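>>> build me a model from this:
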Amino acid sequence: MRGNDVTNSQYGSQYGSRCGLVPAPSGRAYRVSSPAANAMVTRELADELRRVLERFAIEAGFNDRRPVAIFFKPGVFGHHQLGRAADVYAVGGVGIDQWKRRWDDACRRAAQAVDPPTRQIITKTEPVNNLGWRLYKALQRYGRWAQPYGYPIQLFGPWTRSEGPWKYISDRLLRAHDDHIHVAK
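Numbers count the residues shown, from 1 in each chain. Reported below is the predicted structural model:
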């Protein structure tokens with residue numbers, strides 16, 4: 001057996017399924033800042049990402065002159081092998097895990113605030129300023145993600161338990177998505 005025959009037999013379905021895939025697209029109010037190979041997806045998923053990411057970016061105050069950066073990293077399991085999933089690791093140049101830490105810190109500060117006006121300021125400003133949370137909520141509100149029979153809707157991220165459309169997630173699955181947002185179509 002030649003060297004590439006081993007590769008082709010082991011990974012043949014992964015490489016064979018990549019035919020017809022397109023990179024996650026940039027829009028007017030957002031730009032994909034990662035290499036194209038990081039999110040090679042089906043045309044259907046590309047169209048859904050464009051629709052939802054554009055709406056998110058516009059609602060967050062971005063436009064064609066001042067777009068927000070979206071960074072993908074490639075996934076290796078399940079829907080990723082067929083181009084039916086994408087993983088967002090950063091928005092606005094900040095990692096999803098950093099946005100989540102910022103969110104958790106704001107929730108702690110609000111809970112510890114002794115006066116109601118301070119608590120109200122924190123709880124009103126963090127949802128507006130936290131692009132990671134805003135992106136997750138936009139994906140939840142506007143996206144039409146896969147939900148295979150007997151499985152949860154395919155939107156996972158660090159906010160899944162508290163904010164997601166499917167809150168009952170295993171610790172293992174939650175830990176696997178604590179630094180990125182996964183969507184599948």
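
>>> when you work out contacts or count neighbours from here on, use the C-alpha atoms and nothing else.
OK.

>>> and stretch 42-49, average pLDDT?
Mean pLDDT, stretch 42-49: 97.

>>> three-state assignment of Tyr149?
Under the three-state scheme (DSSP: H, G, I helix; E, B strand; the rest coil), Tyr149 adopts coil.

>>> tell me where the model's unsure across the chain.
Within the chain, the stretches with pLDDT under 70 are 1-18, 76, 78-80.

>>> gap between Asn63 and Leu135?
15 Å (CA to CA, to the nearest Å).

>>> who's more crowded, those two?
Leu135 (22 against 16; other CA atoms under 10 Å).

>>> so the more buried one is in contact with Phe56, correct?
Yes. Assessed by CA atoms under 8 Å, Leu135 is found in contact with Phe56 at 6.3 Å.

>>> which stretches in this structure count as strands?
For the chain, strands defined by DSSP state E occupy the ranges 22-23, 30-32, 40-41, 68-73, 85-91, 94-95, 155-156, 181-184.

>>> and the helices in the chain?
3-16, 43-59, 96-112, 116-129, 131-142, 160-163, 171-176 (DSSP state H).

>>> counting neighbours, what do you get for the nearest residue to Asp87 once chain neighbours are set aside?
The shortest distance from Asp87 to any non-neighbouring residue, by CA to CA, 6 or more residues apart in numbering, is to His182 (4.5 Å). By the criterion of other CA under 10 Å, His182 has 22 neighbours.

>>> got a markdown table for the helices of the chain, with distance to Val88 too?
Below are the helices of the chain laid out as a markdown table (distance: least, CA to CA, whole Å):
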| stretch | distance to Val88 |
| --- | --- |
| helix 3-16 | 21 |
| helix 43-59 | 11 |
| helix 96-112 | 8 |
| helix 116-129 | 18 |
| helix 131-142 | 10 |
| helix 160-163 | 14 |
| helix 171-176 | 13 |
